[in-house]
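Novice: no sequence on hand, only this structure:
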């Protein structure tokens with residue numbers, strides 16, 4: 001069993017790092033947009049926005065870390081994955097409990 005990664009693994013890790021960077025930016029922007037409406041939203045929805053603002057930059061920084069290390073380190077993938085699971089879990093839980101409005105406003 002060798003300690004060195006497979007030749008294909010750094011390339012796959014670089015792709016995952018780029019995806020984490022892009023999704024982290026989108027999640028942070030979504031959280032910022034939610035908090036812009038602070039006076040007119042519920043406390044639970046505001047909490048979702050705060051958690052997205054926290055998880056988005058963590059994902060983006062983990063993606064930059066992966067790209068900066070050329071995909072050789074696994075720790076940033078784990079950190080970004082946890083942040084991704086957190087933001088996705090918040091979205092699913094908020095949609096199921098109707099905290100996040102899922103119908104288009106007219």
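Specialist: Yes, it's here. Keep in mind it's a predicted model, so treat the numbers as computed, not measured.

Novice: going forward, measure contacts between C-alpha atoms and count neighbours the same way
Specialist: Fine.

Novice: what helix or strand is residue 100 on?
Specialist: Per DSSP states H and E: residue 100 is located in neither a helix nor a strand.

Novice: how many residues are close by it?
Specialist: When counting by other Cα atoms under 10 Å, one arrives at 21 neighbours for residue 100.

Novice: please apply the same query to residue 97.
Specialist: 9.

Novice: what does the one 4 residues further on give?
Specialist: The burial metric for residue 101, expressed as a neighbour count using other Cα under 10 Å, is 11.

Novice: go on, residue 42?
Specialist: 12.

Novice: list the buried residues in the host helix or strand of residue 84.
Specialist: Assigned by DSSP H and E, residue 84 belongs to helix 75-96. For helix 75-96, the neighbour count (16 or more other Cα atoms under 10 Å) marks 76, 77, 80, 81, 83, 84, 86, 87, 90, 91, 94 as buried.

Novice: now do stretch 61-73
Specialist: Neighbour-count burial for stretch 61-73, counted by 16+ other Cα under 10 Å, picks out 61, 62, 63, 64, 65, 66, 67, 71, 72, 73.

Novice: by mean pLDDT, which helix or strand of the protein comes out lowest?
Specialist: Here the helix or strand of the chain ranked lowest by mean pLDDT, DSSP states H and E is helix 8-36, holding a mean of 86.
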